[in-house]
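J.: generate coordinates for the sequence data below:
(2 chains)
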Amino acid sequence: MTRRNAARTLVFAFVTILALIWLVPIIMMLVVSFMPPDQRAPRFGGLLIKGVSLQNYVTVFEDAEIVMHFVNSVAVTIPSVFLVVVISSLAAFALARLKFFARDIWFYLLIMTLMLPIPTLVVPIFQINKALGLNDSYLGLILPYTALGVPFAIVILRSFFAGFPIEIEEAARLDGCTRFGIYWRIMMPVSWPAVAVVIIWQFMTSWNEFILALVTMSSVEVKPLTLVPLVYSGQFMMRPGPMFAILTLITLPVIVVYYLMQRFMVSGLTAGAVRG
Amino acid sequence: MSRKWLIDNQGLFFMAPAMILFVVFVLYPIFYIFNASMYDWDGINEAIYVGVQNYIEMFTDDRAFALSIRNSIYWTLLTIFPQMILGFILAYILTSNIPFQNVFRIIFFMPAIVSPVVLGIIWQRIYAPFGGLLADLGREIGAMFLIQPYIADPKIAIFSTIFVNVWQWTGFSMLMYVAGLQGLSQEVLSAAEVDGAGTRQRIQFIILPMLRHVHLTLILLGVIGTLQTFALVFMLTKGGPNHATEMLPTYIFQKAFTLQSMGYASAVAVVLLVIALSASIFQVRVLGSRFTIGN
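T.: Here you go, the predicted structure:
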């Protein structure tokens, strides 16, 4: 037993050291963001600083429209998450439970989207948005993010719905429940683990999406947070402090959302989304 | 379109919003790039039909395109397998009831949720030759090999970029393997233990084969992830120095939006699309990969 304990201690030490190294870039981001502004040349990439200061955050809020960009990110992300949940759950329900014309063809076409690299679509989406007058508008990102997010959400939700006992559905049908009623009153309420996975996933992809945002949002007033480092890279080029404060502020919301939702993540992945 | 037909096919109403978005933002764009790739077009003036000229130029006389194909191959091989191996080792350790295993899982997964835009800027400071983390560390402890022009030397810049990607996504592979390991039948594992199978034998002959679907899914997602790579390269190296870290997406962006060659960019996009679709279809049809998470 003692040999086994020794081995476990060794494994624990290995994981601890690796985890600390793993975190270095993230810790560096935080440390540099608290660097006093008078400290011109941080050593070790900024991992060692003399003293702690909030001045960089003050500078960012004074010199950069960080709140405006935050609002832009929210205005793009929240509607796309909402639309993905609604549209993909309706479609996943139909694909899992209803028979209709060309059902399998539609499924395979939608799945094909998962194989498409988004950069292949950037030129046409730019031109579509231009034709619809959607460049520089939130909708110009909400619609493509939703379209590109729906297929993965369908894969997750469809397998979850398919695993739902058919007897309950038949009983509900006998009691006069419509197809929509089964979707809305029975399927959706019990599917929260899978819906949680969809929400986390879509939140993170929309919040962090870069290439479409880069070509769609050219006016600074509508740029989401993900473009902010580019906007201020000239202004803060020689000042890593404010730049890293911006990076921290961009990252904070994703970490909060992930932390709040992460207990659903593994359970949702194992509980429902595992079947093909 | 009788009333009965509509009732029998009411699934179409449930599908309609997804179908409409798919047609406008996926199907039409695919036709669009095939068409646009036949033109010489700056996005503003009249497009000039050039047939397959863009493709001929791309395959015969375009060093940046050749480099981005080479880099995609490097990237595929050097991200997917290290991520899978390290991800599996971590997942195995972090499902064996060691203290704080949930904390460790969060730590290793954390880079995956941070925007590659942010990571690109952080890693610039890690790789910087003056005041950078690695260079300073090398000077301090006398390990001169740490002082390298990580992203300035065309010979090693692509590997430095790939390293960041491995660091970012290993936690994702780990999480997939954690979900897979938790779904394994405990009975089979205990039976093997009773039969005298050691840890190594259990991993080699039972656990790894039973996680086949996780391996296949990770390879599939890894290939697609590679072919989408944009933000990290764009922020870290801009595809440079001299196209040394160019990937197909960064090249498409540069051609379309910096050099205003929408037609040529569309032709590159077609090549990327064909590579992505054939690689994915091969994996799904031949290897039986699936777009699922877990086991």
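J.: average pLDDT for stretch A:228-237?
T.: Stretch A:228-237 shows an average pLDDT of 78 in the prediction.
J.: scratch that, stretch B:43-52 is what I was asking about
T.: Per-residue pLDDT values across stretch B:43-52 average out to 80.
J.: got it, and stretch B:280-293?
T.: pLDDT averaged over stretch B:280-293 equals 74, rounded to a whole number.
J.: over to stretch B:152-160?
T.: Throughout stretch B:152-160, pLDDT has a mean value of 89.
J.: and for stretch B:7-20?
T.: Computed over stretch B:7-20, the average pLDDT equals 86.
J.: is that stretch up against chain A anywhere?
T.: Yes: on the criterion Cβ under 8 Å from any Cβ of the partner chain, stretch B:7-20 is in touch with chain A at B:8-12, B:14-15, B:17-19. No exception for glycine: its C-beta is placed from N, CA and C like everyone else's.
J.: wait, A:Ser137 touches A:Ser218, no?
T.: No: distance between A:Ser137 and A:Ser218: 11.2 Å, which falls outside the contact criterion (Cβ atoms under 8 Å).
J.: higher neighbour count, those two?
T.: The residue with more neighbours, out of A:Ser137 and A:Ser218 and counting by other Cβ atoms under 10 Å in any protein chain shown, is A:Ser137; that gives 17 against 11.
J.: quick check: closest non-adjacent residue to that one.
T.: In space, not counting the residues next to it along the chain, A:Ser137 is nearest to A:Val222; the distance is 7.0 Å by Cβ to Cβ, 6 or more residues apart in numbering or on different chains.
J.: can you pull the contacts of that neighbour?
T.: Applying Cβ atoms under 8 Å, 6 or more residues apart in numbering or on different chains, one finds that A:Val222 lies in contact with A:72, A:136-138.
J.: poorly predicted segments of the stretch 151-295 of chain B, please.
T.: Along the stretch 151-295 of chain B, the parts satisfying pLDDT under 70 run over B:291-295.
J.: residues of it that sit close to chain A?
T.: Going by Cβ under 8 Å from any Cβ, the residues of the stretch 151-295 of chain B near chain A are B:167, B:175-176, B:178-179, B:182-183, B:213, B:224, B:227-228, B:230-231, B:234-235, B:248-249, B:252-253, B:256-257, B:262, B:265-266, B:269-270, B:272-273, B:276-277, B:280-281, B:290-295.
J.: among these, name the ones in helices.
T.: Within these, residues falling in helices by DSSP state H are B:167, B:175-176, B:178-179, B:182, B:213, B:224, B:227-228, B:231, B:234-235, B:248-249, B:252-253, B:262, B:265-266, B:269-270, B:272-273, B:276-277, B:280-281.
J.: now do stretch A:103-119, average pLDDT.
T.: 86.
J.: that one near chain B anywhere?
T.: Yes: legend: contact between stretch A:103-119 and chain B by Cβ under 8 Å from any Cβ is shown at A:103, A:106, A:109-119.
J.: give me the distance from the strand or helix carrying A:Ala213 to the chain's centre.
T.: Element membership for A:Ala213, per DSSP states H and E: helix A:211-216. If you compare the mean C-alpha spot of helix A:211-216 with that of the full chain, they lie 16 Å apart, counting by Cα atoms, centre = their mean, to the nearest Å.
J.: so what's B:Asn165 closest to, chain neighbours aside?
T.: With Cβ to Cβ, 6+ apart as the measure, B:Thr79 is the residue that lies nearest to B:Asn165, at 5.2 Å, once sequence neighbours are left out.
J.: pretty sure that neighbour contacts B:Leu227?
T.: No: the criterion here is Cβ under 8 Å, and B:Thr79 misses it with B:Leu227 at 11.6 Å.
J.: where do the contact lists of those two overlap?
T.: What both B:Thr79 and B:Leu227 touch, as defined by Cβ under 8 Å, 6+ apart, is an empty set.
J.: got a list of what the spatially most central residue of chain B touches?
T.: Nearest to the mean C-alpha position of chain B, counting by Cα atoms, centre = their mean, stands B:Gly225 at 1.7 Å. When the contact criterion is Cβ under 8 Å, 6+ apart, the partners of B:Gly225 are B:79, B:169.
J.: distance check, it against A:Ile250.
T.: If you measure B:Gly225 against A:Ile250 using Cβ to Cβ, to the nearest Å, the figure is 21 Å.
J.: what ranges do the strands span in the stretch 51-200 of chain B?
T.: For the stretch 51-200 of chain B, no strands turn up when DSSP state E, counting those that start in this stretch is the criterion.
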